[in-house]
Structures are given as structure tokens and as C-alpha cells.
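Novice: just a sequence and a predicted model for now, questions to come.
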Amino acid sequence: MKRILLINPLTRNHEYFFKKKKAYKLPPISLLQIGAYIKEKGYDVSILDGFISCDNKQDFLREIKKAKPELIGMTCMSTNFLFASDLSRIIKKRFPEIILVIGGSHITYSPKDIKETRFDYGIIGDGEDTFLDLLTILSIKKDVNDLPGLVIKKGNKITTTSGIVYNQDLDKYPVPDYSLLTSLEDYPTSIINSKDSKSLTIITSRGCPFRCIYCTYSKNNRPYVTNSANYVIEEIKTYTKKHGVKNFSFGDDNFMHDKERVKEICKKIIENKLDISWSCQARANTIDKELLDLMKKAGCWQISFGIETGDKEILKIIKKGTTNDIIIKAINLTHKAGIRTKGFFIIGLPGDTKESIRRTINFAKSLPLDIAIFFLLSINKGTTLYDMFESYGKNEYLEDAFIKQSDNIFVPKGLTKKYLIKQQKRAFIKFYLRPGYIIRQLLRIRSFRELMFTTRSVGKILFRTD
Ligand code: B12
Ligand code: SF4
């Protein structure tokens, strides 16, 4: 078995998100990572990114027919599980001889859901070694039951093999191989996330030591592991050399958790004279002035913070592990260091009331944030919240919203879906259409390019062109 096709399926709501040609799409990093590894081991790999090449399921069949794979590997989060599941059925019907494998966060946190699909195997946890071993075993037609980290579907029978595989040494794998994509030009980066439309996301760690109740890490014991600073520097150099990219976004959930590593990365960027700009996401309690100054010197231009709420009781319910004071300090320090700040908030958390939502919006307005994004909450399987949300409210189908993350939203007791959607819109308007905010943004502008950048990012958020 040599010909492998890796597929990034669509989501049920992809039309809502991605119909516009210019909409922001991110390359499927998991497939680029898996693809790089098995390509290095001699497999003939190609990637079909549905978001680029397919509008519907028939388009996938057309592309599969062209690629003639012996095995298809599909990646999938909970948001695209239903689409992936439907796709597996039509692929199996049309091409019964192709072996179908699913990997990614949904199957990792809910392996039994394979029963609703026509996938033959599901990879639980990190996929590099399990997938490679699976390909080897299937090629020699041996038994896969001893391979850890696998869910197997034979007819209606589901078997889960022992253990979950979590990579301990991330440096032993090659960097994601972007040459497997049709063209990097297909992935212009959103102006909100990058100063340049040519930009790449780099993931330098896996796992998170915190346990916020709505996050998949809330019930997951995977150790927090990172790539070394040297590996990260080599990865940056590779992308600059091969693809001419000089703007990066560290997509790690908690990039700054290991401060010593961040310092080392910054020092090496400076020592190597890498002329790059970059942004990252951080928890507020990891911020200090010395580190911020070093990050700024090394090209960091924006840090995003998961602030979630302005209500201290709700911060405790969701087990965020931060306080309003920690957040205020972190945002002010970052702002003073000359790094732009972006805050993520959630409207409709467990325990939210009309008053607490008002507090969240007022809290957002009180901070010197450059960008604020207000999400509605969707609940994923495999999280602590999934097991207990009914004591706080209910899940409802979501047709429309200002920014929509999934087909479902959580509606706290005493509130309605209509109210949450209205408050989400109100939050954006209240945050952006303030004379103080507009003047502060205008005063920071130093060049025509910055003026364009600021007006385009705010415009994109307010008029939802992204
Ligand atoms: C980058 C990222 C994104 C990118 C996705 C870019 C892309 N196209 O790949 C963007 C920003 C678009 C995104 C969006 C969302 N994301 Co996101 N995202 C991540 C993040 C931070 C990193 C994922 C990643 O690339 N990691 C690096 C790769 C190498 O690792 P990996 O994805 O885990 O893949 C490994 C295994 O899963 C497995 N594997 C994966 N696919 C496959 C396929 C095969 C064939 C095989 C064999 C193995 C395999 O092997 C890989 C290598 O070991 C993760 C958190 C995390 N740290 O994992 C969240 C995460 C995946 N996202 C999550 C969520 C909830 C979302 C959103 C729904 C909402 C949100 N909060 O924004 C949206 C969904 C948008 C949509 N409409 O579909 C959740 C998923 C929860 C779930 N149950 O599915 C995660 C786990 C965050 C969390 N901690 O809860 N996300
Ligand atoms: S800090 Fe972020 S990644 Fe870590 S558990 Fe909380 S939400 Fe998840």
C-alpha cells in the first residue's frame, strides 16, 4: 500500500463561513504534519483540502477518482464530524475497496462515534507513529489489534485497542510540508491575524496544563510537550527559505506557558537576525515586562488573550484560573510594551445572566484592547462542560449569529438564544463604535500602511467580511 490521500472535509456550515472566495482559510496543519512524516518514510502522499477544491460531496468523489488512493486519511474536529461521517458513507459506497481512516480531535475525545460512520479505523491521540504503523501492518496484512491508539470498526463491531498515543518528543518529526498543498496563495491570511497576507501558522506545543471546563483539555491528561527553541528556529528558516514567508502566527493554545522556552526562541530570532514579525496567544498570568520587551525586540506585534468574561464568579465556574486583576495587568503591560492586544470573550457562559453579560461588555471596553472578539459558546463532546451543562442551561440549534463557530450554542438558564445573538451584536458595536477607541487607534497610526491595516481589521469585524 503506497498511495495515500489525506482529506480535510468541509463543515456543515461551511457555506456560512467560506463561500466568499476571499474568506480566511487556514492550511490543514495536522495533515501537513502527518503527510510530511509518511512522505519521509517513502509513501506517495497527496492532500485534498475540501475548503479549497470542493463545494460539495460530489466534488470530493471527483477528486478521489483522480487521485486513485489505496487508503484515505481524514482529519476532523467536532465541527466537521457530521460532514466527515456523511462523506465516509458516500466514499465507501462508490469506492468500497479504499480503506478509510479518521484522525483528529473529535475521534480522539469520542472514539465510539466511529459507529455512526463508514470509517474502518480511527486514530486516537497523536497520529504520526500510529498511522505509519497502521500503514505498515495493513501492507503486510497482519493483525492491527495490538497497535495502541486505534478504534477499529468491522461491520457493526467496534473495538478499541489499548492506550492513547501522545508524542513525547516533538522534535523527532519533520516540519509540516506545505509543498503538499496546491498553492500557498490559496490561503491568504486574515488581516486581523497578520500584518501581511502571506503568513503561516506554526504550532510548537501540544496539550495545556489548565482545565477550563469548556475545553477539550478539561478531561484530558495529555502531558504538555513542546518543540525545542532550536526546532522552532529551523522551522521558521525553512518557511522563509522555501516559501518566502516572513510573518508567523504561533497557533499554540498556550504559547507562553514555558517562559524560558519563549525567551530562548526570542533570543535566537534576534541572534540569527531573522527579519520576521509574529503574533501568539497567551494566558494573562504568563505575562511580565521583561519578557514582553524581549518579545517586542524579536518581532512580536500582537498577543491574543482568552479573557472570556468580566464576571469573577463565572471565571470560577469555568475554572479559568485567572482573575480580572491579572487580566487588567497583563493587557496594560502588553499595551505599554507597544504590542497590540486582542481579547476573546464568550457571551452565554454557564452562570451568565443579563447583568454578567453587561459586565463582560463593560470589562472589554475598560481594557486598552486593539481588537475584541465576542463568541457564543458551543459545547464539545469530551469536555467537563458536556457532562454537566444541563444544570446550567441547554444546547440549541443556531441558524445565524454575528460570528458563528458551530451549529449549536449553549443558552444559560433564564436567557434565550435570541437574546444572546442580540447581545453578541451589541458587544461588537459597543466596543468598536466608541469615540475613545477610535481616537486611540488613530493616535497609534504611524504610517499609511498602519492606517490601512487598522481600518481594514476593524471593518472586517464590524461588517463581517471574513
Ligand atoms: C490550529 C487550530 C485551529 C485552526 C484550524 C486550522 C486547520 N485547518 O488545521 C482554526 C483556527 C481554523 C481552528 C478553528 C476552530 N477550532 Co481549533 N484548534 C487548533 C489547535 C490550536 C491546533 C490544531 C493543530 O493543528 N495542531 C497541530 C497538529 C499537528 O496536531 P493535531 O491537530 O492535534 O493533529 C494530530 C492528531 O489529532 C492526529 N490527527 C489529526 N488529524 C489526523 C488525520 C489523520 C488521517 C491521522 C492519521 C491523524 C490525525 O495526528 C496529528 C499529529 O499528531 C487545536 C488545539 C490543539 N493544540 O490541538 C484547536 C482545536 C482543534 N480546535 C478546536 C475548536 C473547538 C475549534 C473551533 C470549533 C472553535 C474555536 N474555538 O475557534 C473552530 C472550528 C472552525 C470550523 N468551522 O471548523 C478544539 C477541537 C474540539 C473538538 N472536540 O473537536 C481544539 C482541540 C481546541 C481545544 N483545546 O478545545 N482551530
Ligand atoms: S487555557 Fe486555553 S487551552 Fe488551556 S484549558 Fe483553558 S481554554 Fe483550554
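Specialist: That came in fine, so what should we check first? Ligands and ions are numbered 1, 2, ... in the order given.

Novice: near ligand 2, which residues of the chain show up?
Specialist: The chain comes close to ligand 2 at residues 208, 210-212, 215, 217, 253-254, 283, 306, as judged by Cβ under 6 Å from any ligand atom. Quick note: C-beta positions are derived from backbone N, CA and C, even for glycine.

Novice: now for these, which pair is the farthest apart?
Specialist: Based on Cβ to Cβ, the longest span within these runs between R211 and G306 and measures 13.4 Å.

Novice: ok, the residue in the stretch 1-150 of the chain positioned nearest to ligand 2 to ligand 1 distance?
Specialist: Distance from ligand 2 to each residue of the stretch 1-150 of the chain (Cβ to the nearest ligand atom) is smallest for S105, at 11.8 Å. With the distance defined as Cβ to the nearest ligand atom, to the nearest Å, S105 ends up 3 Å from ligand 1.

Novice: contacting residues around the closest residue in space to that residue that isn't next to it in sequence?
Specialist: Spatial nearest neighbour of S105, chain neighbours left out: M77 (5.0 Å); criterion: Cβ to Cβ, 6 or more residues apart in numbering. When contacts are counted by Cβ atoms under 8 Å, 6 or more residues apart in numbering, M77 touches 104-106.

Novice: got it, and K112?
Specialist: 151, 158, 160.

Novice: likewise E396?
Specialist: With Cβ under 8 Å, 6+ apart, E396 has these contacts: 408-411, 417.

Novice: any low-confidence regions in this structure?
Specialist: 12-24, 190-197, 400-405, 446-447, 449, 453, 460, 463-466 (pLDDT under 70).

Novice: can you tell me the centre-most residue of it?
Specialist: In the chain, the centroid-proximal residue (Cα atoms, centre = their mean) is G251; its distance is 6.9 Å.

Novice: for that residue, which non-adjacent residue is closest in space?
Specialist: T201 (4.2 Å).

Novice: what sits against that neighbour?
Specialist: 26-27, 29, 248-251.

Novice: okay if I get those residues as JSON lines plus distance to D129 and secondary structure?
Specialist: Shown next, in JSON lines, are the contacts of T201 (distance: Cβ to Cβ, whole Å; DSSP: H, G, I helix; E, B strand; the rest coil):
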{"residue": "L26", "distance to D129": "25", "secondary structure": "coil"}
{"residue": "P27", "distance to D129": "22", "secondary structure": "coil"}
{"residue": "I29", "distance to D129": "18", "secondary structure": "helix"}
{"residue": "F248", "distance to D129": "27", "secondary structure": "strand"}
{"residue": "S249", "distance to D129": "27", "secondary structure": "strand"}
{"residue": "F250", "distance to D129": "25", "secondary structure": "strand"}
{"residue": "G251", "distance to D129": "22", "secondary structure": "coil"}
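
Novice: now those as TSV including distance to F83?
Specialist: Formatted as TSV, those follow (distance: Cβ to Cβ, whole Å):
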residue	distance to F83
L26	17
P27	18
I29	19
F248	30
S249	26
F250	28
G251	22
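
Novice: out of those, who's near ligand 1?
Specialist: Checking these against ligand 1 (Cβ under 6 Å from any ligand atom), the matches are 26, 29, 251.

Novice: return the member of the residues you listed nearest to R456.
Specialist: Looking across the ones next to ligand 1 among the contacts of T201 and measuring by Cβ to Cβ, the closest to R456 is L26, at 18.8 Å.

Novice: distance of the closest one from T201?
Specialist: For L26, the distance to T201 (Cβ to Cβ, to the nearest Å) stands at 6 Å.

Novice: wait, doesn't K267 sit right on L291?
Specialist: No: counting by Cβ atoms under 8 Å, K267 stays clear of L291, with 11.3 Å between them.

Novice: return the residues in contact with the residue nearest to Y392 when sequence neighbours are not counted.
Specialist: Take Y392 and drop its neighbours on the chain: the residue closest to it by Cβ to Cβ, 6+ apart is P350, 3.6 Å away. By Cβ under 8 Å, 6+ apart, P350 lies in contact with 213, 314, 317-318, 385, 389, 392-393, 410, 412.

Novice: neighbours of the closest residue to ligand 2 within the stretch 351-466 of the chain, how many?
Specialist: At 9.3 Å from ligand 2, T383 is the closest residue in the stretch 351-466 of the chain, using Cβ to the nearest ligand atom. Per other Cβ atoms under 10 Å, the neighbour tally for T383 reads 22.

Novice: do the same with K157
Specialist: Counted with other Cβ under 10 Å, the neighbours of K157 add up to 8.

Novice: for it, name its beta-bridge partners.
Specialist: K154 (DSSP bridges).
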